[in-house]
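[1] Return a 3D structure for these sequence lines:
(chains A and B)
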Amino acid sequence: MEFRFTEEQLMIQDMAASFVDEVSTSEAVRAAMLSDKGYDEETWQRITQELCWQALTIDEEAGGLGLGYVELVALLEQAGRKLLCSPFFGTACLALSALKQCPVSPAKQTAIEAILAGQTATLVHTDSAGRWDDSAQLPCIKSGALEGIASHVVNGDSAEWLVVAARENDALVLLLVSPACPQVKRRALTTMDQTRRLGGIQFNQLPLEAAHRLCEGELAERILAACLELARIGAAADMVGVAQQALDSSVGYIQERVQFGRTIASFQAVKHKCADVMLKLESSRSSLYYAACIADEYLANHASMAALQEAASIANAYASEAAFFAAGVGIQLHGGVGITSEYDIQLYFKRARALEAYLGLPHWHRERLASMLLEGDVA
Amino acid sequence: MKLSFSAADEAFRVEVAQWLQDNLTGEFEHIRFRGGPGDEHVFVEERKRWEQRLAEGGWTCIAWPEAFGGKQATIEQQVIFNEEYARAGGPGRVGHIGETLMGPTLIEFGTPEQQAKYLPGIRAGREYWCQGYSEPGAGSDLGNVKTRAVFDEATQQWRINGQKVWTSLAHESHYCFVVARTDPNQVGHKGLGFFMVAMDQLGVTIRPIEQLTGTAEFNEVFFDDAVCAADDILGAPGQGWAVAMALLGYERGVSTLGQQMLFQNELDEIIRVAKTNGTSQDPSIRQRIAEAHMGLKTMRYNSMRMLSGAEGSQLNREAMIYKLYWSSWHRNLGKLAMDVMGEQAEILEAAPYELNRLQSMFLFTRADTIYGGTNQIQRNLIAERALGLPREPRGQS
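    Next up is the predicted model:
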């Protein structure tokens, strides 16, 4: 048992930390937030051409680096820490997780080569109301054409490739779609958190060919279910980064702010809030790393779906509460300036809120765990 | 990062489990799962015999170096031993203070003569130790100890006067390690000594403290001209604080995983009750049971991180949150147990005041957030040592 990063993993983490410190400054985040695509094109070029983050989890035989979720989580944590605005999550955590699990096909080959070359992608698995659970009315395939609306799609307004979950009669089908055609209309949604761009996509009688199909039926159901668990773990990593920076910036601020002739950091009420944040943060980090290990074991067929679900729910629910708590406490500790747009703590608060609700609020995860514990078998 | 244990470690696990299965039976069958925190007063004679059975099998002090009779077990092996011990229902260890606290401290700070005098009795499961730190005026503020040690030139012995409190297992112990002031002109962390004092002498009086559970794990210990040989001070006079703090560093370690197996056992019982009485269908209870489960899993991941990064008794960030984390979690579990039991929670097993396991656990968890550093002290430690925030000012004393 070695429950800590290896030297190589620490190096990956350190390089990612230096990179986001350089490119994802407060000014850069604010510029990206208001830009067309919601991210800086030049930064994405550097991520894909210099750092090759998109190749991280692609197999070596396919031209990737052949690393796993532990490494991916290390990158995503750094991205969250500096509010990186990037199509990286949609491409590497969503689309690639699906593609990697699909059987060999020309569509899969095309998509992986495009991603390796630096093109962006995302997973479209929601309906017109942004629902992702069993109640979702996914886009449908009728008479060989795709029809329907998907909302709340991560980078859905700009991704160059879409892995689409659609219904054909009762069966789930995973498709690879290039949105550069008149039958696909997209727009950016105006969101409370502006650091993670969401899109709405309309498929209007898009004609499908065999070459679009990645997989279908039970296999597609299994792949999509696993994808959502992996996305929850990836989002947890982002939230751990958000919580870390919310704590660090608050700890920095309270040591400068002087009232009653002393720094406010010297007040026990303030210190204890920071201690409570650190407790939640470090606990989230522990459950995140565990979940990342389980993700790799699941993808290598060494862990069950139940084990993956349990680990993802624990990591995601913990990180959700830690990030929201850390950012909320962060605003409080910043006092008046915490609610101004000038200070970044409000951006962390909004990203924490958005990510907390992404793919299940904490109480949703707890109810899922409760049914495993009280009605079924727990992993 | 990897989660799995090596084949050699898994073989070790089988060996431990098999030995426990073969030995924790017969005369020891009825003490399985007994004698843990809140239950330390029960079956003491049987548990002492059990210590000796463990020692004969080579299962006491496994973390110690081989030169002192240990197995020099790796962290992984210690984790495995603790997990299997708890899983098998191994009773609360009467010898744990000697094995996990006094022993490692003697190995680090003791002279060869001191090591030869005290370590074999601990290793054999025949000599037990208790801890003489807290005093009525020195709880969280341990540096405020008033117990005094004066060296008597005539008899060439230390004479100790003062009162210690919250001393668990005092009446079963052969020795007490006592932090006492050697230099009356010094205050706080300075001028302290660390003494190994025999309990069986006229100058030592033990008085049990009845707790809210009606039982008495803790005691007051009075020292009235108690004597201690010149050679029984560990470290030099004035170094007591350093030794006392090093000893506490050993407290946060692998035993945490065994503790978690006991917690799991309690949670399993709560789930059984909830399924039986139907509270498992209450949406708010479901949320809280899931929360307890998540919390316990995360406690395990926290300690896996802590142990993977552990070197000696140095504390890392994960270790600093550990006490606050488990004590708060366990306190909440106690309340959950009562809420799941519903009306039955109020009715005791028998007169005059016999609590069942969950009732006893509920009441005793209120001690968890106090002993070993209160939650408030833990938050100070996290804020000051992990986050580098200003230290609390000291009042005038």
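[2] Tell me how many other residues surround A:Gly217.
    Neighbours of A:Gly217 under the rule other Cβ atoms under 10 Å in any protein chain shown: 12. Where C-beta positions appear, they are placed from N, C-alpha and C, glycine not excepted.
[3] Now the nearest residue to it once chain neighbours are set aside: phi and psi?
    Of all residues not flanking A:Gly217 in the chain, A:Ala171 sits nearest, at 5.2 Å (Cβ to Cβ, 6 or more residues apart in numbering or on different chains). The phi/psi pair for A:Ala171 (degrees, to the nearest 10) reads phi -90, psi 150.
[4] Chain neighbours aside, what residue packs nearest to the closest residue to chain B within the stretch 101-250 of chain A?
    Distances between the stretch 101-250 of chain A and chain B by Cβ to the nearest Cβ are smallest at A:Leu247, namely 7.9 Å. Distance criterion Cβ to Cβ, 6+ apart; nearest residue to A:Leu247, sequence neighbours excluded, is A:Val277 at 4.9 Å.
[5] can you count the residues close to that neighbour?
    As a measure of burial, A:Val277 has 26 neighbours, counting by other Cβ under 10 Å.
[6] next one: the one 3 residues further on
    Here the count is done by other Cβ under 10 Å, and A:Lys280 has 22 residues near it.
[7] show me the contacts for residue 194.
    Here I'm looking at chain A. Contacts for A:Gln194 were tallied using Cβ atoms under 8 Å, 6 or more residues apart in numbering or on different chains; they are A:33-34, A:38, A:347, A:350.
[8] oops, I was thinking of chain B
    Contacts of B:Phe194 (Cβ under 8 Å, 6+ apart): B:177-179, B:233-235, B:239-240, B:243-244.
[9] tell me which element it is part of?
    strand B:192-198 (DSSP states H and E).
[10] how far does the next helix or strand after that strand sit from the chain's center?
    Once the chain leaves strand B:192-198, the next helix or strand it forms, by DSSP H and E, is strand B:204-209. Centroid separation between strand B:204-209 and its chain, computed with Cα atoms, centre = their mean, to the nearest Å, is 20 Å.
[11] Got the domain ranges for chain A?
    A:7-101, A:121-216, A:218-374 (automatic domain parsing).
[12] Closest to the centroid, which residue in chain A?
    Nearest residue to the geometric centre of chain A (Cα atoms, centre = their mean): A:Ala235, 3.8 Å.
[13] for chain A, what are the nearby residues on the stretch 1-150 of chain B?
    Neighbours of chain A within the stretch 1-150 of chain B, by Cβ under 8 Å from any Cβ of the partner chain: B:1-5, B:9, B:76, B:79.
[14] Tell me the most packed of these, by neighbour count.
    In terms of neighbours by other Cβ under 10 Å, these top out with B:Val79 at 24 neighbours.
[15] Can you tell me the element it falls in?
    Assessed by DSSP H and E, B:Val79 sits inside helix B:75-87.
[16] what does that helix contact?
    Identification of contacts with helix B:75-87 by Cβ under 8 Å, 6+ apart yields A:1, B:5-6, B:9, B:12-13, B:16-17, B:20, B:59, B:62-63, B:71, B:73, B:253-255, B:257-262, B:265, B:307-308, B:310.
[17] Could I get the contacting residues of A:Ala117?
    Contacts of A:Ala117 by Cβ under 8 Å, 6+ apart are A:Thr48.
[18] Which parts of the chain are helices?
    All of this refers to chain A. Here chain A has its helices, by DSSP state H, at A:7-23, A:26-34, A:41-46, A:69-81, A:88, A:96-101, A:106-116, A:217-254, A:268-299, A:305-334, A:345-357, A:362-374.
[19] that's the wrong chain, I meant chain B
    Using DSSP H, helices in chain B cover B:7-23, B:44-56, B:75-87, B:96, B:103-109, B:112-123, B:240-251, B:255-277, B:283-308, B:317-341, B:357-368, B:375-381.
[20] These into CSV, with extra columns for distance to A:Lys185 and mean pLDDT?
    Output for the helices of chain B, formatted as CSV (distance: least, Cβ to Cβ, whole Å; pLDDT from 0 to 100):
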stretch, distance to A:Lys185, mean pLDDT
helix B:7-23, 57, 96
helix B:44-56, 73, 96
helix B:75-87, 57, 88
helix B:96, 69, 91
helix B:103-109, 69, 96
helix B:112-123, 77, 98
helix B:240-251, 64, 88
helix B:255-277, 51, 90
helix B:283-308, 41, 93
helix B:317-341, 50, 93
helix B:357-368, 59, 94
helix B:375-381, 54, 95
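[21] what's the closest of those to A:Val20?
    With Cβ to Cβ as the measure, helix B:317-341 is the member of these nearest A:Val20 (21.5 Å).
[22] For B:Val243, give its distance to B:Tyr133.
    12 Å (Cβ to Cβ, to the nearest Å).
[23] hmm, what's the outermost residue in chain B?
    Distance from the C-alpha centroid of chain B, by Cα atoms, centre = their mean, peaks at B:Ala154 (38.1 Å).
[24] Can you tell me the closest non-neighbouring residue to whatever residue of the stretch 101-250 of chain B ends up closest to chain A?
    Closest residue of the stretch 101-250 of chain B to chain A, Cβ to the nearest Cβ: B:Ser140 (13.1 Å). The shortest distance from B:Ser140 to any non-neighbouring residue, by Cβ to Cβ, 6+ apart, is to B:Ile377 (4.9 Å).
[25] Could you report the neighbour count for that neighbour?
    18.
[26] and the contacts of B:Phe194, which are buried?
    Using 16 or more other Cβ atoms under 10 Å in any protein chain shown as the burial test, the contacts of B:Phe194 include B:177-179, B:233-235, B:239-240, B:243-244 as buried.
[27] Show me what from the stretch 201-350 of chain B comes close to chain A.
    Going by Cβ under 8 Å from any Cβ, the residues of the stretch 201-350 of chain B near chain A are B:271, B:274-275, B:280, B:283, B:286-287, B:289-291, B:293-294, B:297-298, B:301-302, B:304-305, B:307-309, B:317-318, B:321, B:324-325.
[28] quick one, what contacts the closest residue to B:Arg391 other than its chain neighbours?
    Spatially, and ignoring its direct neighbours in sequence, B:Arg391 is nearest to B:Glu384 (5.2 Å; Cβ to Cβ, 6+ apart). B:Glu384 is in contact with A:271, B:390-392, counting by Cβ under 8 Å, 6+ apart.
[29] so A:Gly38 makes contact with A:Ser158?
    Yes - in this structure, A:Gly38 is within contact of A:Ser158 by Cβ atoms under 8 Å, at 7.2 Å.
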